[in-house]
Structures are given as C-alpha cells and as structure tokens.
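1. Could you work out the structure for the sequence below:
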Amino acid sequence: MGHHDYPELGTRVMRALSEWMIIGSLSMIPVMLTAQQQERPNTDTLPAVQITVLRTPFDLIAAPFSIAVVSSRDALAAKPGRSLDELLGRLAGVQADNRFNFALGDRISMRGLGARSQFGVRGVRVVVDGIPATLADGQTTLNNADLGSLGHAEVLRGPASALYGNASGGVILLETATPAESGFAPSIRALSGSYGLRSLQLGAEGQRGNATYLVTGDRLDQRGYRTFSDARNAHLNGVVTYTAGQTQWKVVLNSERHNAHNPGGLTDSLRNLDPRQAAATNISHVTGERGTQTQTGVTLRTPLLHGELRASGYVLGRTLDNPIPTSVIALHRRAGGWRAAYGVTTEKGPSAVTAILGVESDIQRDNRQNYSNVHGVADTLSLDQREHVVSTSPFVEVKFARDRFSAFGGLRYDHFRFTADDRLITPSNPDDSGTRHMSALSPSVGVTYLLARTATLYGNVATAFQTPTTTELANRPSGAGGFNPSLTPEYVHSRELGLRGALGATATYHFDVYQMRVTGELVPYEVPSSPGRQFFRNVGVAEHRGIEAEGSLRLLPALAMRGAYSYTDATVVRDTAPVRGDRPLPGVARHLATWGLDAGDHDALFASVELRTQSRIPVNDANTVSSPGYTVANVRARLPYRAASAIFGGITNLFDVRYNSSVVINAAGSRYFEPGEARSVYIGLEWHPFHT
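-> Numbering: from 1, shown residues only. Next up is the predicted model:
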C-alpha cells in the first residue's frame with residue numbers, strides 16, 4: 001500500500017459515453033409514454049425507502065435524481081464519530097477530505113463542485129432537521145454537527161438550485177435519530193484514542209404523550225497528530241417533536257463552542273522530512289480559530305384546506321476569533337430565515353399530480369474587523385465593515401406519476417443583495433461601501449421509468465448556481481475594504497442518466513453518468529504577500545464529466561460487502577490569460593473508490609474492514625504539482641459487554657501509509673499539502689439502556 005496513480009481515461013471516450021447515455025435517455029421517452037397503460041410492476045423486491053431531500057414525497061426507487069440514503073447505525077457503528085467523512089466517505093460522487101484540523105473542518109465536494117473550500121463547506125447545501133446549516137451567502141460551517149445523535153443522512157448528488165437555491169451543487173440532509181419508545185432513556189458514550197483523543201457524550205431521549213425528545217451533550221479534546229493541531233469542542237443538541245392529529249411541530253436547538261489551532265499546509269520537502277510538523281508561520285502567528293455558535297429553529301407540518309402547509313424558521317448567532325498569518329479576523333454574525341410551502345395532490349384514475357408553491361427568505365449580517373497579526377495578538381485595525389446579505393426566493397415544484405412513469409420539475413428564482421458598509425474611512429483610506437445584486441433563475445426536470453420490478457431508469461436536466469460568500473468577496477488582493485467588484489457567481493448546467501435497482505434481498509446497485517458545464521467556477525489562490533489567506537477568481541468555463549457506481553452484496557446472513565467508485569473528469573476548457581485552458585481543475589481526484597466488508601450485527605457483535613483509494617490530485621492551476629494517490633485501510637469492531645452496553649474500537653490507517661488527506665489549492669510558497677494521520681488506535685464504551 002502506498003503512493004500510486006491510475007491510467008487516465010480518454011476525454012473522447014468519456015464524451016462519447018456521456019453523449020450516448022443522454023441520447024439513450026431521450027430515446028426512452030416514447031417508450032415510457034406508450035407503456036404507461038401497462039400494469040404497474042410488483043416492486044416488493046426494491047427498497048421501500050421514503051426520502052424527503054426532494055422536498056416532495058418520493059419513494060427512493062422513483063426519484064429522478066442520484067440520491068443515497070445512509071444510516072448512521074450502519075455507517076458510524078464503532079467509529080470515533082468526529083468527522084463527516086466517516087459518514088459520507090462510502091458514497092460514490094462525494095469527495096469527503098478529513099483535514100484532521102478542527103480549525104478548518106472537512107472539505108466536502110460533489111462531482112468536483114465545492115473543492116475550492118478554504119474552511120467549512122462551499123457549493124454543497126446542508127440541512128439539519130429541516131433547518132439550513134448553509135447561510136444566505138452559501139457559507140456552511142459544521143462545527144455544530146452532532147454525529148452522536150444522528151439517525152440518517154440523505155445525499156442528493158448533482159445540481160439542485162431549483163429546490164434549494166444558492167450553493168446547491170449537491171445537498172446533504174441530516175436527520176436526528178428517532179427517540180426510544182420509553183419515557184426516559186439515558187445514554188453514555190466515552191472514547192479514548194491516539195494523539196490525545198478524548199471524547200464523552202451524554203444523552204437522554206424518550207416519549208411523553210404526544211411529544212418526543214432527544215438531548216445530547218458532548219466534549220472532545222485532542223492533542224492532534226500534527227504539531228499545533230490541538231482542539232477542544234463542546235456541543236449541545238436538542239430536538240423536541242409534538243404531534244397532534246395530523247399537525248406536527250418540531251423545535252431544534254444546537255449550540256457549540258470550539259477552540260483549535262491550525263498547523264497549515266506543508267511544502268513537499270517539509271512533508272517528506274516530517275509530516276507531523278506545522279508551518280513555521282502558523283506557529284509564529286498563533287493561527288487557529290476560537291468561536292461559538294447557537295442556532296434554533298422551528299418546523300411545522302399541518303393540513304390546510306385541501307392540501308398541506310409546511311413552514312420553518314430559524315435564527316443563528318456566531319462569534320469568531322480567527323488569527324491567520326498576517327491578520328486577525330474578528331467576526332460577529334447574526335442570521336435568520338423562513339420558508340413556507342403549500343402543496344396539493346390530486347388523483348384521477350391511475351394518474352396523480354402534486355403541486356407545491358412557496359417562498360423562502362434569508363438574511364445574514366456580519367460585523368467584520370481585520371487587524372494586523374503580531375504573534376497572534378490583534379494590533380492595527382485594517383478593515384472594519386458591516387456586511388448584509390438578503391435573499392428572496394419564490395419557487396414552484398410539480399410531480400406527476402402514472403403507472404410506470406413519473407416526472408418531477410422545479411423552478412426557482414433567487415435574488416441576493418450584498419451590502420458592505422465601510423466603517424474605516426481616513427484621508428488615505430477611501431469609503432469602499434457599496435451594494436452588489438446577484439440573481440438566478442433555476443429550472444430542473446427529471447423523469448423516471450420502472451423497467452421491471454427490480455430496475456429503475458431515470459434521467460434529469462438540472463441547474464445550480466452559487467454566489468461568492470461574504471468572506472470571499474471581502475478578501476481583496478489590494479487590501480481595500482468593501483466587496484471584490486470582479487467576483488461573480490458560478491452557474492452550472494447538468495445532464496444525467498442513471499439506473500438503480502435490487503436483486504431480491506441479496507444485492508443493490510446504482511449506476512449513473514453525468515455531464516456538467518460550469519461557467520465562472522470559483523477557484524482559490526494565494527499571493528506571497530499574504531500567505532495562508534485565500535483570494536478567489538472566476539474560471540471561464542469548466543466541464544465536469546463522470547461515472548458513479550455503488551452497490552452492496554449480502555454474501556451470508558451475517559456477512560455483507562459494499563463498494564463505490566467515482567470517475568470525475570473536471571477540466572477547465574477555457575480560462576482568462578495567462579492561465580491556460582484544457583487542464584484538470586485543481587483539488588479534484590479523478591478516481592475515488594471505497595470498499596467494505598461487514599460481519600455481524602451493528603447493534604450486537606460486529607466487525608468491519610474498509611479500504612479507501614484515491615488517485616492523485618493536482619494542486620495548482622498550472623498542474624505542475626500533484627498530491628500523490630494513496631490507499632488506506634481501517635478496521636473496527638463492537639463487542640457486547642453487558643445488558644445495553646458494549647465495548648468498541650478500531651485502527652485507522654492500519655498499514656501506516658504516508659498520505660495527504662487534503663490539499664491547499666494554489667498555496668503561496670508551495671505549501672499545498674495537509675498530511676493525514678499515521679496509524680492510530682481508539683477504544684470506547686457505550687451504554688444505551690431501553691433503546692430499541
């Protein structure tokens with residue numbers, strides 16, 4: 001096991017395959033229409049899974065988009081539970097890079113979209129229990145994500161702005177677990193591991209009359225594999241649901257506090273010398289992040305007239321102290337929003353139509369100050385401005401179903417007003433206040449045809465867009481205040497064809513091929529005068545083509561195998577001088593594969609082995625340097641100890657492979673590489689009485 005590359009598939013072959021699949025999907029439409037009068041096939045052998053990520057009720061088998069459902073019971077059993085890559089790493093089309101750096105968080109991209117992220121998540125929409133974790137400008141921070149209370153995740157791969165608006169190159173929907181049926185069920189989960197890892201989670205859940213509740217609190221401390229990567233995180237998460245007849249209220253509250261240092265990226269020579277070291281400038285400037293965030297939201301579902309009303313609202317407060325080389329950034333954020341949608345379903349014979357009409361609005365207010373960084377201490381004020389973002393988004397969705405055929409379409413208009421109020425004005429520093437307007441009309445349509453009781457063919461044409469975030473707009477290479485006037489949104493147009501199905505209760509499979517054209521793709525870069533601080537520009541035109549395949553096979557009643565493979569060809573076909581076109585987009589792995597073998601029952605005696613293989617990643621626009629490919633192996637196991645308790649543990653990076661878990665795109669001084677952890681061991685104890 002070690003560094004290796006893969007043979008590159010020819011661009012012409014990929015183009016021919018994608019065009020053939022798309023033509024094939026269009027040619028199937030007449031067949032679908034003529035077959036509507038046939039009897040609907042028996043679908044008992046297909047997974048009967050209800051999904052909500054399309055915001056219109058759908059069975060997974062009939063969804064006209066690439067959607068995966070991941071159960072935390074399956075994906076997170078006997079895992080540390082400290083990073084989203086533990087949950088999402090098994091999915092095709094999703095590149096979840098664990099930076100092992102709590103100051104920056106995981107880098108998550110789908111089909112190459114979102115790879116630009118300097119910290120948090122960009123280009124991918126995240127919703128937790130019906131409340132958006134992605135704010136008006138497209139920023140997503142997941143410090144408050146609580147994997148310990150998670151029930152399942154739904155992942156929509158591909159553009160979805162017709163449903164979710166800004167930053168919807170993909171969607172991750174996280175849902176808290178269903179509470180135990182007892183009146184009061186406490187729980188404890190304690191963990192200890194290599195590199196000073198310690199975590200403790202306490203929880204309580206249950207049902208009281210028409211109400212259910214789940215409350216968890218946890219604390220994580222780690223020294224970290226690399227120098228200067230220590231972190232301390234604390235979470236509090238609560239969900240209360242009240243049901244009266246057909247009306248349901250849900251209240252969600254989460255709060256977090258974090259304090260983490262940032263070791264920064266390394267050059268190739270420094271990484272080879274000692275991957276555990278930190279960048280010298282990061283240590284001298286005491287880089288890292290200290291912050292708090294509290295968010296609360298309410299969702300409502302209730303019958304109204306002949307249909308159903310769904311409404312939600314949320315408020316959020318966040319404070320941040322973020323020393324980076326050359327600067328200390330202080331941020332105070334307030335945000336909120338609401339959404340209301342009314343849906344009606346009509347049935348006539350074998351046909352059914354569901355129509356949803358709604359509107360959504362979000363507001364974000366940031367109070368931002370930048371200071372010069374003197375050994376981690378804020379010194380001279382260099383920027384002081386208030387930033388406002390307001391979005392207004394009406395939308396409509398329609399679903400049609402008849403026998404074997406179903407169709408779904410959405411149309412949404414988003415308008416954004418970005419305003420900067422410059423509060424640092426001197427004779428040598430002019431007023432940089434200003435307003436920018438950005439908007440997009442996002443249509444999407446998809447069709448599904450049940451070929452047989454074990455196979456479903458689907459196709460879609462979809463769109464997405466994402467605005468620059470306030471942080472990206474405020475980071476101007478000139479150092480001036482206000483917003484970067486040359487930075488514009490990126491727009492995505494996508495075509496996709498897929499096939500999903502099952503072979504009885506033994507196997508499941510999912511295959512899709514897609515082609516996306518991205519105009520104005522946002523790409524990060526650094527300048528030597530501000531190392532560690534990323535600026536952004538728009539790429540002219542990029543094309544993303546890919547193949548995704550995933551499946552599972554039950555070999556024995558207590559032995560199952562699963563696997564996933566992604567081919568992602570993200571290529572810049574036209575760019576502005578002097579950067580050439582016809583080159584791979586930096587930050588995206590062309591080949592990514594995972595494989596796993598699970599033995600036993602996740603709730604009882606259980607063991608698993610997992611492999612993750614990733615090809616090399618170009619790290620700069622010129623493609624002169626790449627992060628080598630790698631393969632890592634992980635093992636984990638769970639052993640029931642006494643009633644309602646179990647001991648669990650595992651080994652990550654079993655063969656102690658040296659690899660880069662993430663990269664810094666276009667880093668100044670060639671500091672591209674963020675090394676992953678060496679072999680590490682963890683062991684824990686969990687106790688869940690009364691839990692079914």
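2. where along this structure do the helices fall?
-> Listed in chain order, the helices of the chain (DSSP state H) span 11-34, 72-75, 85-88, 161-164, 268-273, 280-284, 470-474.
3. Flag whichever of these has the least confidence on average.
-> Note on these: helix 11-34 shows the lowest mean pLDDT, a mean of 39.
4. Surely Leu142 is in contact with Leu104?
-> No. The criterion here is Cβ atoms under 8 Å, and Leu142 misses it with Leu104 at 11.0 Å. All C-beta spots, glycine's among them, are computed from the backbone N, C-alpha and C.
5. what touches both of the two?
-> Gly120 (Cβ atoms under 8 Å, 6 or more residues apart in numbering).
6. What segments of the stretch 501-650 of the chain are strands?
-> Remark: strands assigned in the stretch 501-650 of the chain by DSSP state E, counting those that start in this stretch are 507-519, 522-525, 535-538, 541-556, 559-574, 583-584, 591-600, 606-614, 617-618, 626-627, 630-640, 645-652.
7. avg pLDDT for stretch 422-440?
-> Averaged across stretch 422-440, pLDDT comes to 90.
8. and what of stretch 443-453?
-> The pLDDT scores in stretch 443-453 average 93.
9. can you pull the buried residues of that stretch?
-> Using 16 or more other Cβ atoms under 10 Å as the test for burial, stretch 443-453 gives Ser444, Val445, Gly446, Val447, Thr448, Tyr449, Leu450, Leu451, Arg453.
10. do stretch 415-427 as well
-> Within stretch 415-427, the residues scored as buried using 16+ other Cβ under 10 Å are Phe416, Arg417, Phe418, Thr419, Ala420, Asp421, Asp422, Arg423.
11. JSON lines for these, including distance to Gly376?
-> Output for the buried residues of stretch 415-427, formatted as JSON lines (distance: Cβ to Cβ, whole Å):
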{"residue": "Phe416", "distance to Gly376": "35"}
{"residue": "Arg417", "distance to Gly376": "36"}
{"residue": "Phe418", "distance to Gly376": "31"}
{"residue": "Thr419", "distance to Gly376": "32"}
{"residue": "Ala420", "distance to Gly376": "27"}
{"residue": "Asp421", "distance to Gly376": "28"}
{"residue": "Asp422", "distance to Gly376": "26"}
{"residue": "Arg423", "distance to Gly376": "24"}
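12. So which of those residues are in strands?
-> Residues of those located in strands (DSSP state E): Phe416, Arg417, Phe418, Thr419, Ala420, Asp421, Asp422.
13. so where do the strands sit in the stretch 351-500 of the chain?
-> Applying DSSP E, counting those that start in this stretch to the stretch 351-500 of the chain gives strands spanning 351-374, 377-402, 405-422, 434-452, 455-466, 490-503.
14. List the buried residues for stretch 175-194?
-> Buried residues in stretch 175-194, counting neighbours by 16+ other Cβ under 10 Å, are found at Glu175, Thr176, Ala177, Pro179, Ala180, Ala185, Ser187, Arg189, Leu191, Gly193, Ser194.
15. Wait, the fifth one touches Gly206, no?
-> Yes. Applying Cβ under 8 Å as the test, Ala180 and Gly206 come out as touching, 5.9 Å apart.
16. which residues does Arg679 contact?
-> Arg679 neighbours (Cβ under 8 Å, 6+ apart): Ser194, Ile651, Thr652, Asn653, Leu654, Phe655, Asp656.
17. Drop anything exposed from those residues.
-> Among the contacts of Arg679, those classed as buried by neighbour count (16+ other Cβ under 10 Å) are Ser194, Ile651, Thr652, Asn653, Leu654.
18. what's the closest of the residues you listed to Val239?
-> Proximity of the buried ones among the contacts of Arg679 to Val239 (Cβ to Cβ) peaks at Thr652, which lies at 29.9 Å.
19. isn't the closest one right up against Ser661?
-> No. Assessed by Cβ under 8 Å, Thr652 is found out of contact with Ser661, at 10.9 Å.
20. between those two, what contacts are shared?
-> Glu677.
21. May I see the strands of the stretch 501-650 of the chain organised as TSV, with distance to Glu472 and mean pLDDT added?
-> Formatted as TSV, the strands of the stretch 501-650 of the chain follow (distance: least, Cβ to Cβ, whole Å; pLDDT from 0 to 100):
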stretch	distance to Glu472	mean pLDDT
strand 507-519	16	96
strand 522-525	7	84
strand 535-538	5	86
strand 541-556	17	96
strand 559-574	19	95
strand 583-584	22	90
strand 591-600	26	97
strand 606-614	26	97
strand 617-618	21	96
strand 626-627	23	97
strand 630-640	30	97
strand 645-652	33	96
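22. Could you check stretch 551-571 and say which residues are buried?
-> Per 16+ other Cβ under 10 Å, stretch 551-571 contains these buried residues: 551-552, 554, 560, 562-571.
23. where's it relative to the chain centroid, distance-wise?
-> Centre-to-centre, stretch 551-571 and its host chain are 20 Å apart (Cα atoms, centre = their mean, to the nearest Å).
24. Next: stretch 680-688.
-> Centre-to-centre, stretch 680-688 and its host chain are 26 Å apart (Cα atoms, centre = their mean).
25. ok, the closest residue to Ser645 other than its chain neighbours to Ala420 distance?
-> Distance criterion Cβ to Cβ, 6 or more residues apart in numbering; nearest residue to Ser645, sequence neighbours excluded, is Trp687 at 4.4 Å. With distances taken as Cβ to Cβ, to the nearest Å, Trp687 is found 51 Å from Ala420.
26. Widest-spaced pair of the buried residues of stretch 551-571?
-> Pairwise distances across the buried residues of stretch 551-571 (Cβ to Cβ) peak at 38.5 Å, for the pair Arg554 and Thr571.
27. Just the pLDDT for the spatially closest residue to Leu270 that is not a sequence neighbour.
-> Setting aside the residues directly before and after it, Leu270 is nearest to Gln277 in space (Cβ to Cβ, 6+ apart), at 6.4 Å. Gln277 is assigned a pLDDT of 97 by the prediction.
28. Count the neighbours of Gln277 for me.
-> Other residues near Gln277 number 17, with proximity taken as other Cβ atoms under 10 Å.
29. Arg116 touches Tyr525, doesn't it?
-> No. The criterion here is Cβ under 8 Å, and Arg116 misses it with Tyr525 at 9.9 Å.
30. so what sits against both of those two?
-> Common contacts of Arg116 and Tyr525, defined by Cβ under 8 Å, 6+ apart, comprise Phe536, Ile665.
31. Neighbour count: the two, which is higher?
-> More crowded of Arg116 and Tyr525, by other Cβ under 10 Å: Arg116, with 25 against 18.
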